[in-house]
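In: structure here, sequence nowhere to be found:
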Ligand code: ADP
Ligand code: MG
């Protein structure tokens, strides 16, 4: 019986296992707000109670009409006004308190989610779309307002009113109350039907809306390509298609929702008609008073609003549980452990890789196979090899962004598992092909990794990155705004800014991921001096395409299909490894091609 009951309640609100765990998670967030929630809930209960008072007063007045005097009528007058005012005040207090609790919970959840996402490992982001993650932090947490806020409070309020009405009617006249009770299954069934029909529709609408957003985002991101290829018409057509799907879905949803109100009104009219018919008969017979009949009819009228709202709101509340499960899913992901592990008094930057193998999650192919390599502190290693050979993967493994399935990586003789990853990453500088420039001033961009840097440090970094002259030529100097809304920098200037950004953190290990391969020969030549400056005295791993960086390295490792084919200095490899010879020859050719 008990199990059956739970099963039925689950079905009624469409609660599967997943959703029950989300529900538990959402309810647990009330922790720390229990006092306030209880206080608000009590006010809500009393406010629902006072909603029930006026029909009772109406009934009393009509029944006393024969022997009532002016004083009696005046007292009723005061009671009706008074109870309504008290109900209003309670409602107001309850709203303010519960809304505050709800919004605080949502605020905490939102900040926790963004913090959590920030500290998830790289692997989590591999198969995620940025838009989807943004939605989880913004619109999904926002939808939770339906769970923690007004909607849920209103559902409870309305259910309390329904139950209250039921009790009063049963006390007045159990037989006539049957007219109302007979209606209840229809009401509950209608609410259930409505919420389960509308929910999938609103979910579909949300999905279509998401697709529409992605389509717009892609068009704007790729606007140059779109214009260059002249595919504006095609893009517009794609948008038109997404928008049309949304239109269709909105129309089907409105068909269902529009049916709802007339149906509820029909139910209420049916209730009123039944009450009049049956109650009128009882009243003529003399088994109920006129006041009771009036009271019943007033309550029937009072029912319309709660029924109508509750059906719709159960749908929204269920939707917000779905949104909650998306937030829950993110928060359940295990965070990267950045804080535990040891660090060195004097960090040297020696890297020993022993026999590691690694495959990305869900990939059957190993991106790194049985690879060993030792990089002594302060030496420069160039990783060379065709695209897809595993160079970037190797670097990500060294920084602990992924864990190899086999083998060990040691930094200064200590296993990577036992090292404080945050310290390791702070001690590592990274220059990529396309450095990311934040919206803000030059100063903010340079001190991003080390906000405590002094102006002297900044100037020295600018000097070494060979940016000083350029910055002095700007009217506002280091306070010049750059990025999308400010001064646009050339590729070479961006790279130099990135170099200054790295210099200011004074890293012991430096990773250069093809930092000059996007630049033309002339800019590259200009950059070489600042690059030489930044490389001095550090352990450097360069993912290299250009001969210049390669020839300046102490060790060159030639990678192919996740393995190191051979390593040594330039002359050795050129004479001994055909793949390397081919690679260098093709490089010389292109460099000549650009220079002459
Ligand atoms: P390289 O930097 O030498 O061009 P990568 O290290 O980027 O090569 O890639 C090595 C192999 O791993 C390639 O086959 C590539 O397709 C695969 N790979 C790279 N990144 C991922 C990822 N995030 N998820 C799955 N496979 C990946
Ligand atoms: Mg790469």
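Out: Right, received. Where do you want to start? Here the structure is a predicted model, which means the values were calculated and not measured. Numbers count the residues shown, from 1 in each chain. Ligands and ions are numbered 1, 2, ... in the order given.

In: neighbours around residue 515, how many?
Out: Residue 515 has 26 neighbours, counted by other CB atoms under 10 Å. Just so you know, the C-beta spots here come from the backbone N, C-alpha and C atoms, and that holds for glycine as well.

In: where does pLDDT dip in this structure?
Out: By pLDDT under 70, the low-scoring segments of the chain are 1-18, 484-486, 517-518, 588-596.

In: enumerate the residues of it near ligand 1.
Out: Within the chain, the positions near ligand 1 by CB under 6 Å from any ligand atom are 126, 360, 363, 367, 385, 387-393.

In: tell me which two in these are the farthest apart.
Out: 126 and 385 (21.8 Å; CB to CB).

In: ok, those two, which is more surrounded?
Out: Between residue 126 and residue 385, counted using other CB under 10 Å, the more crowded position is residue 385 (22 against 12).

In: from ligand 1, how far off is residue 570?
Out: According to CB to the nearest ligand atom, to the nearest Å, residue 570 stands 20 Å off from ligand 1.

In: ranges for the strands of the stretch 351-500 of the chain?
Out: 351-358, 368-375, 380-384, 406-411, 414-415, 428-431, 440-441, 481-482 (DSSP state E, counting those that start in this stretch).

In: output the contacting helices and strands for the fourth one.
Out: For strand 406-411, the packing partners by 3 or more CB pairs under 8 Å, 6 or more residues apart in numbering; DSSP states H and E come out as strand 351-358, strand 368-375.

In: for the second one, same thing?
Out: Using 3+ CB pairs under 8 Å, 6+ apart, the elements in contact with strand 368-375 are strand 351-358, helix 391-398, strand 406-411, strand 563-568.

In: quick one, which of those is packed in tightest?
Out: Of these, the one with the most neighbours on average (mean count of other CB atoms under 10 Å) is helix 391-398, at a mean of 21.

In: relative to strand 380-384, how tilted is it?
Out: Between the axis of helix 391-398 and that of strand 380-384 there is an angle of 140 degrees, by axes from the mean of the first three to the mean of the last three CA atoms, to 10 degrees.

In: follow-up on the earlier one: as TSV, the strands of the stretch 351-500 of the chain with distance to residue 331 would be great.
Out: What follows is those, written out as TSV (distance: least, CB to CB, whole Å):
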stretch	distance to residue 331
strand 351-358	28
strand 368-375	31
strand 380-384	37
strand 406-411	30
strand 414-415	30
strand 428-431	29
strand 440-441	30
strand 481-482	35
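
In: out of those, nearest to residue 224?
Out: Judged by CB to CB, the one of those that comes nearest to residue 224 is strand 481-482, at 20.1 Å.

In: and the contacts of that closest one?
Out: For strand 481-482, the external contacting residues (CB atoms under 8 Å, 6 or more residues apart in numbering) are 437, 440-442, 445, 487-489.

In: do the same with stretch 72-79
Out: For stretch 72-79, the surrounding residues in contact (CB under 8 Å, 6+ apart) are 53, 57, 60-61, 64.

In: just to revisit the earlier point, would JSON lines of the helices and strands packed on strand 406-411 with distance to residue 301 be doable?
Out: Output for these, formatted as JSON lines (distance: least, CB to CB, whole Å):
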{"stretch": "strand 351-358", "distance to residue 301": "70"}
{"stretch": "strand 368-375", "distance to residue 301": "74"}
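
In: quick one: contacts of stretch 230-237?
Out: With CB under 8 Å, 6+ apart as the test, stretch 230-237 has contacts from 219, 226.

In: residue of the stretch 51-200 of the chain nearest ligand 1, please.
Out: As assessed by CB to the nearest ligand atom, ligand 1 sits closest to residue 126 within the stretch 51-200 of the chain, at 4.2 Å.

In: contact partners for that residue?
Out: Contact analysis of residue 126 by CB under 8 Å, 6+ apart lists 360-361.

In: and the contacts of strand 481-482, which of them are in helices?
Out: Members of these lying in helices (criterion: DSSP state H): 442, 445.

In: the contacts of strand 481-482, buried ones only, as a PyMOL selection?
Out: A single PyMOL command selects the buried members of the contacts of strand 481-482 (16 or more other CB atoms under 10 Å):
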select buried, resi 437+441+442+445+489
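
In: my read is that residue 343 contacts residue 423, right?
Out: Yes - with contacts counted by CB atoms under 8 Å, residue 343 reaches residue 423, the gap being 4.3 Å.

In: that older thread, buried among the contacts of stretch 72-79? Need that as a selection in PyMOL.
Out: To isolate the buried members of the contacts of stretch 72-79 in PyMOL, using 16+ other CB under 10 Å:
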select buried, resi 53+57+60+61
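
In: out of the contacts of stretch 72-79, who's nearest residue 249?
Out: Comparing those against residue 249 with CB to CB places residue 53 closest, at 44.0 Å.

In: ok, the closest residue to the closest one other than its chain neighbours to residue 507 distance?
Out: Spatially, and ignoring its direct neighbours in sequence, residue 53 is nearest to residue 83 (4.1 Å; CB to CB, 6 or more residues apart in numbering). Distance of residue 83 to residue 507, given as CB to CB, to the nearest Å: 72 Å.

In: between these two, which one's more packed in?
Out: More crowded of residue 83 and residue 507, by other CB under 10 Å: residue 507, with 21 against 18.

In: surely the more buried one touches residue 431?
Out: No - the pair residue 507 / residue 431 is not scored as a contact, 10.5 Å apart, by CB under 8 Å.

In: shared neighbours, those two?
Out: By CB under 8 Å, 6+ apart, no residue touches both residue 507 and residue 431.

In: number of nearby residues for residue 312?
Out: Using other CB under 10 Å, residue 312 has 20 other residues around it.

In: and it, that's in a strand?
Out: No - read with DSSP: H, G, I helix; E, B strand; the rest coil, residue 312 is helix and lies in no strand.

In: quick one, what contacts it?
Out: 194, 198, 257, 260.

In: any idea how many residues pack against residue 497?
Out: Quick note: residue 497 (other CB under 10 Å) scores 23 neighbours.

In: and what of residue 490?
Out: With other CB under 10 Å as criterion, residue 490 counts 11.

In: give me the phi and psi for it.
Out: Main-chain torsions, residue 490, degrees, to the nearest 10: phi -80, psi 170.

In: could you find the closest non-adjacent residue to it?
Out: Spatially, and ignoring its direct neighbours in sequence, residue 490 is nearest to residue 523 (7.5 Å; CB to CB, 6+ apart).

In: does that neighbour count as helix, strand or coil?
Out: Following three-state DSSP, we place residue 523 in the helix state.

In: what about residue 227, how many neighbours?
Out: 11.

In: pull the residues that contact the helix or strand in which it is found.
Out: Using DSSP states H and E, residue 227 maps to helix 223-229. For helix 223-229, the external contacting residues (CB under 8 Å, 6+ apart) are 219, 232, 235.

In: buried ones among the residues you listed?
Out: Among these, those classed as buried by 16+ other CB under 10 Å are 219, 235.

In: just the contacts of helix 223-229: which are in strands?
Out: Among the contacts of helix 223-229, no member falls in strands (criterion: DSSP state E).

In: could you single out the nearest of the contacts of helix 223-229 to residue 416?
Out: residue 219 (42.5 Å).

In: residues touching the closest one, list them.
Out: 226, 235, 238-239.

In: what do you get if the cut-off is 6 Å, keeping everything else the same?
Out: By CB atoms under 6 Å, 6 or more residues apart in numbering, the contact list for residue 219 reads residue 235.

In: same question, residue 356
Out: Contacts of residue 356 (CB under 6 Å, 6+ apart): 368, 371, 404, 407.

In: how far away is residue 410 from residue 398?
Out: 10 Å.
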